[in-house]
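Colleague: 3D, please:
(one chain, ligands or ions: 3)
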Amino acid sequence: MTGTRVLVLNSGSSSVKYQLLDMRDSSRLAVGLVERIGEETSRLKHTPLANGGEAREQTGPIADHEAALKAVAEELDKDGLGLGSPELAAIGHRVVHGGRQFTEPTVIDERVLAEIERLIPVAPLHNPANLTGIRTAQALRPDLPQVAVFDTAFHTTMPESAARYAIDVETADEHRIRRYGFHGTSHAYVSRATAKLLGKAPEDVNVIVLHLGNGASASAVRAGRCVDTSMGLTPLEGLVMGTRSGDLDPAVIFHLARVGGLSMDDIDTLLNKKSGLIGLCGDNDMREIRRRVDEGDERARLAFDIYIHRLRKYIGAYYAVLGRVDAIAFTAGVGENAAPVREAAVAGLEGLGLAVDAERNGARSDEPRLISPEGARVAVAVVPTDEELEIATQTYALVGSL
Ligand SMILES: Nc1ncnc2c1ncn2[C@@H]1O[C@H](COP(=O)(O)OP(=O)(O)O)[C@@H](O)[C@H]1O
Ligand SMILES: CC(=O)OP(=O)(O)O
Ligand SMILES: [Mg+2]
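Modeller: Ligands and ions are numbered 1, 2, ... in the order given. Okay, the predicted model is just below:
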């Protein structure tokens, strides 16, 4: 390996986030985002931090993930940071579903690609985008190692009691139905960063991590290992999300099919894309929902209350799963920025040792920080996630060991 740079690609269902890092000091040379892929109003925002940091934006239709990545490659080229650079050591890809096979970052070959493809039915929003990202990057730099870092990897330590659904064992095994969990790169990074914030080793702390982005999940981490998480076979289970319902009685699906006359695809779209906050009140952005709540909007209030109620249930559940909790960490877009969500999530839980200090909770910072009062039994923390840095670190370590 000659280069010291890693390009990280996080291809979502309608977006690509990317970062180019120099792994000698983990500094960011460029960061960017392509949003609304497949729409007329796609937007690419590219910030070349290495060269003065003046952000560039372009809007206009970007048809698919392949076109998006090519546009990203062109932007990087303009700054002399292109994919052709000999400084580039590897490309790291976030891959959402890795099943049970992939417990570690993995160099991508045909067998790995085939496995990611086989898992599409259980991650239909994510794995196809991840695959396109990998194939496009391979076409641009066939000589370079491409590494997959799986969202599911951190959760493979879950005990069977947490990972299995209570359904017929043979049927479950035949169809590989079990709880895999997602956002694992974030849960791993944040649980470690939380231990560091407490001045302890990860092996010495039990943490509940609340990753609240557009997709949202909770996890219970005992001594550095995941023992339970809220997402399941697919990223649909668990918390109320931006557009996903999270937990519901599975019979809702039979009812919608038999009585409502909806097709399976209609129900899939309803639960994944038209439910959660957007289904409840028409908005999936927590900033907009809070603005409406503050104006007295009843539907936004109800959506917020349902979101919080579910979150509190998971906090209580994972408290019981762990027995002893040292810290609760809020992360991702909502967790890092929405003080009212954090306040409501632990309100009235002093009996469990949980509280937030209003002033600390309202302060703004990009650094990990405590928001619980001085001397609290359980630390409540805001710990910004950095999935891209974690993917780059794992990718660089793997290619360095080849
Ligand atoms: N200042 C803010 N206040 C409240 N919510 C915010 C704020 N900034 C971002 N968010 C929320 O974070 C979400 C995006 O989180 P993010 O972790 O980036 O999600 P994803 O990676 O799933 O796209 C937005 O949809 C919005 O609800
Ligand atoms: C797995 C998942 O839900 O990812 P995201 O939050 O990026 O949609
Ligand atoms: Mg995310």
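Colleague: residues of the chain that sit close to ligand 1?
Modeller: Contact residues, the chain versus ligand 1 (CB under 6 Å from any ligand atom): 213-215, 242, 284-287, 332-334, 337-338. Using the backbone N, CA and C atoms, a C-beta is placed for each residue, glycine as well.
Colleague: what about the residues you listed, which are in helices?
Modeller: Met286, Arg287, Ala332, Gly333, Val334, Asn337 (DSSP state H).
Colleague: out of these, which end up buried?
Modeller: For those, a burial check counting by 16 or more other CB atoms under 10 Å picks out Met286, Ala332, Gly333, Val334, Asn337.
Colleague: for the residues you listed, work out which two are farthest apart.
Modeller: Largest separation among these by CB to CB: Met286 and Ala332, giving 10.6 Å.
Colleague: in the stretch 151-300 of the chain, which residue sits closest to ligand 2?
Modeller: Gly215 (2.3 Å; CB to the nearest ligand atom).
Colleague: that residue is in contact with Leu236, isn't it?
Modeller: No: counting by CB atoms under 8 Å, Gly215 sits too far from Leu236 to count as a contact (9.5 Å).
Colleague: who has more neighbours, those two?
Modeller: Higher neighbour count among Gly215 and Leu236: Gly215, with 25 against 22, using other CB atoms under 10 Å.
Colleague: contact partners for the residue most central in space within the chain?
Modeller: Closest to where the C-alpha atoms of the chain average out (CA atoms, centre = their mean) is His183, at 3.9 Å. Counting by CB atoms under 8 Å, 6 or more residues apart in numbering, His183 makes contact with Asp151, His211, Gly213, Gly215, Ser217, Ser219, Met231, Ala332.
Colleague: among these, who's most crowded?
Modeller: Ser219 (32 neighbours).
Colleague: tell me the secondary structure at that residue.
Modeller: Following DSSP: H, G, I helix; E, B strand; the rest coil, Ser219 is assigned to strand.
Colleague: ok, now how distant is it from ligand 1?
Modeller: 15 Å (CB to the nearest ligand atom, to the nearest Å).
Colleague: hey, what's that residue bridged with?
Modeller: Ser219 has these beta-bridge partners by DSSP bridges: Val209, Thr229.
Colleague: was I right about Ile62 contacting Ala71?
Modeller: Yes: Ile62 lies in contact with Ala71 (CB under 8 Å); the separation is 6.1 Å.
Colleague: looking at these two, which is more packed in?
Modeller: Ile62 (26 against 20).
Colleague: skipping adjacent residues, who's closest to the more buried one in space?
Modeller: Ser42 (3.7 Å; CB to CB, 6 or more residues apart in numbering).
Colleague: got phi/psi on the one you found?
Modeller: The phi and psi values for Ser42, taken as degrees, to the nearest 10, are phi -60, psi 150.
Colleague: and it, how far from ligand 2?
Modeller: For Ser42, the distance to ligand 2 - CB to the nearest ligand atom - is 18 Å.
Colleague: can you list phi and psi of the residue located most distally from the centre of the chain for me?
Modeller: Most distant residue from the mean C-alpha position of the chain: Val259, 34.7 Å away (CA atoms, centre = their mean). The phi and psi values for Val259, taken as degrees, to the nearest 10, are phi -90, psi -40.
Colleague: that older thread, which one of the buried ones among the ones in helices among the residues of the chain next to ligand 1 is nearest to ligand 2?
Modeller: Nearest to ligand 2 among these, with distances taken as CB to the nearest ligand atom, is Ala332, at 7.7 Å.
Colleague: lovely, talk soon.
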